[in-house]
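Enquirer: need a structure here:
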Amino acid sequence: MRTSAELVELEPTGAIILWEEVPVSLEQRRFDHLPERKKALRARYAYGIIFLITNLCAWFVRDYGQRVLPELHYLKSCGHGGSDCFHTQGVLRVSLGCFIFFFLMFLTTCKTRKLYKARNAWHSGWWGSKLFVWLVSMMIPLFCPSDYIHIYGEFARVGAGIFLVLQLISVIQFIRWWNKYWMPEEQKKQSCSLGLFMSTLFYIGSLCGIVVMYSSYAMKSSCSLNIFFIIWTGVLLIVMMSVSLHSKVNRGLLSSGIMASYIVFLCWSAIRSEPANEECNPQKQENANGDWTTILGFLIAICAIVMATFSTGVDSQSFQFRHCEVQHEDDIPYKYGFFHLVFSLGGMYFAMLFISWNLNNSAKKWSIDVGWASTWVKIVNEWFAASIYLWTLFSPVLRQSKVMDHEEPIQEIDSSDLA
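Expert: Numbering: from 1, shown residues only. Sure thing, here's the model as predicted:
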């Protein structure tokens, strides 16, 4: 019985070679990838918890840091009375610490491809060491001069904008996946009624949202800006529905209905972010300490930030340029580098929400993402979302027309040769 080596005949000439030693049983030496894969998937939630704790730290430093952390008054980098380590500056310092930690994780895991690599063990384990790195990362910004923190704030605006674009692409990809899931091509006749029912629900919800916004925020003639926002949202809704039903596009109503609901939500969120002293925004909260509805809304907003960052970070497939890559069982379940990069940008994003995209003014207690800067950021995000979605509808048609234009001259040349 041959176990360690085997003779193999090559050609009819009778030449034979001796193979190198081959393991008797490949199963015995196969790396058990399942525990490592599960460990990597669980690590995502641990990083999400770290990100949530960092968000809560930023809120605590902004609203209560000056009263609860008097030790920071003695740091030279915190300025007179420690004012440069609280409020807006304090949020930016916490954000910088979060960015440092996750960017270091990005640098140390970006080239990870296989589950048996040491970088995978670093991503999925070594939590004691990473907790120490996180604490050091959070401490470093406390010793940075306020001028450097202000410069970081300017960069954080750009990073937050990039995060919004990545989040938007992830949302659109999710809408396309949802459309394919409910209306697959091979079962289009059977699922047509279900898809039509769901798209009708989304469009009814969108129209109801526009009506409610108009009755709540645009009843006065002086609220011309709100009227413009709401009417333009309705125009975008009609345009997306018309393009989706065009004969050359023929994408149906489900995806456009979901997208319509999303841009109506963005419009509502933008109007809600208008300053409270504006007469066109009925959401007046004069209580400086915040009542239970304000506190609950604030906590929900923080959870929404964490969930948006988490969902975008794990959705690396939407940002792959080559979708035909074969997935092996020893490949990592998601792109670690992209995951940590999104979280580092998310650290910039939550800072902008806590300070309402304004580096000079401090936000009120229990407030988040309120101000004209926040309003315009959301409105531009809404218009950009509609533009990207319309481009996803137009681009296949444009590519197909270019291919047809390129094939027609070739066919004419072939026909002339045959003649």
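
Enquirer: so A160 versus I263, what's the distance?
Expert: Counting by C-beta to C-beta, to the nearest Å, the separation of A160 from I263 is 20 Å. From N, CA and C alone the C-beta is placed, and that goes for glycine too.

Enquirer: cool, and W383?
Expert: Taken as C-beta to C-beta, the span from W383 to I263 is 8 Å.

Enquirer: so what's in contact with those two at the same time?
Expert: Common neighbours of W383 and I263 (criterion: C-beta atoms under 8 Å, 6 or more residues apart in numbering): L236.

Enquirer: higher neighbour count, these two?
Expert: I263 (22 against 16; other C-beta atoms under 10 Å).

Enquirer: touching, that one and S387? I think so.
Expert: No. Using C-beta atoms under 8 Å as the test, I263 is too far from S387 to be in contact (10.5 Å).

Enquirer: in contact with A40, which residues?
Expert: Counting by C-beta under 8 Å, 6+ apart, A40 touches L115, N120, H123, S124, I332, P333, Y334, Y336.

Enquirer: got the confidence number for it?
Expert: Model confidence at A40, given as pLDDT, is 85.

Enquirer: the protein: helices as residue ranges?
Expert: With helices called from DSSP state H, the chain shows them at 26-29, 33-68, 87-109, 118-124, 127-139, 146-182, 188-217, 224-245, 254-272, 292-314, 336-354, 372-418.

Enquirer: winner for burial among those?
Expert: Stretch with highest mean neighbour count among the helices of the chain: helix 336-354 (a mean of 26; mean count of other C-beta atoms under 10 Å).

Enquirer: with just CA atoms, put it into CSV.
Expert: Extracted as CSV, the C-alpha positions of helix 336-354 are listed here (Å, rounded to 0.1, in the frame of the first residue of the first chain):
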residue,chain,number,x,y,z
TYR,A,336,-12.1,44.0,7.6
GLY,A,337,-10.3,47.1,6.2
PHE,A,338,-13.4,48.6,4.7
PHE,A,339,-15.3,47.8,8.0
HIS,A,340,-12.8,49.8,10.1
LEU,A,341,-12.5,52.6,7.5
VAL,A,342,-16.3,53.1,7.6
PHE,A,343,-16.2,53.2,11.4
SER,A,344,-13.4,55.8,11.3
LEU,A,345,-15.5,58.0,9.0
GLY,A,346,-18.5,57.3,11.2
GLY,A,347,-16.5,58.8,14.1
MET,A,348,-16.3,62.0,12.1
TYR,A,349,-20.0,61.8,11.2
PHE,A,350,-21.3,61.5,14.7
ALA,A,351,-19.1,64.5,15.7
MET,A,352,-20.8,66.6,13.0
LEU,A,353,-24.3,65.5,14.3
PHE,A,354,-23.4,66.4,17.9
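
Enquirer: sorry, back to before: just put the helices of the chain in TSV and tack on distance to N281.
Expert: Output for the helices of the chain, formatted as TSV (distance: least, C-beta to C-beta, whole Å):
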stretch	distance to N281
helix 26-29	66
helix 33-68	22
helix 87-109	23
helix 118-124	44
helix 127-139	35
helix 146-182	22
helix 188-217	7
helix 224-245	8
helix 254-272	7
helix 292-314	14
helix 336-354	18
helix 372-418	10
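
Enquirer: tally of neighbours for the residue nearest to E36 when sequence neighbours are not counted?
Expert: Nearest residue to E36, sequence neighbours excluded (C-beta to C-beta, 6 or more residues apart in numbering): L115, at 4.4 Å. When counting by other C-beta under 10 Å, one arrives at 23 neighbours for L115.

Enquirer: kindly report the same for K335.
Expert: Neighbours of K335 under the rule other C-beta under 10 Å: 21.

Enquirer: tell me how far it lies from G313.
Expert: Distance check for K335 against G313: by C-beta to C-beta, it reads 9 Å.

Enquirer: before we move on, what about S77?
Expert: 31 Å.

Enquirer: cool, and L253?
Expert: Distance, L253 to G313, by C-beta to C-beta: 31 Å.

Enquirer: got it, and C85?
Expert: In terms of C-beta to C-beta, C85 sits 29 Å off from G313.

Enquirer: do the same with K248
Expert: 36 Å.

Enquirer: T375 now?
Expert: Per C-beta to C-beta, T375 is found 27 Å from G313.

Enquirer: likewise for V212?
Expert: V212 is 33 Å from G313, where distance means C-beta to C-beta.

Enquirer: T54 now?
Expert: T54 sits 14 Å away from G313, going by C-beta to C-beta.

Enquirer: who's in contact with W134?
Expert: W134 makes contacts with I50, G97, F101, as judged by C-beta under 8 Å, 6+ apart.

Enquirer: show me the contacts for the residue nearest to the second one when sequence neighbours are not counted.
Expert: Pointing back at G97 there. Leaving aside its sequence neighbours, G97 sits nearest to M138 (C-beta to C-beta, 6+ apart; 3.8 Å). The contact partners of M138, by C-beta under 8 Å, 6+ apart, come to T54, C57, V94, G97, C98, F101.
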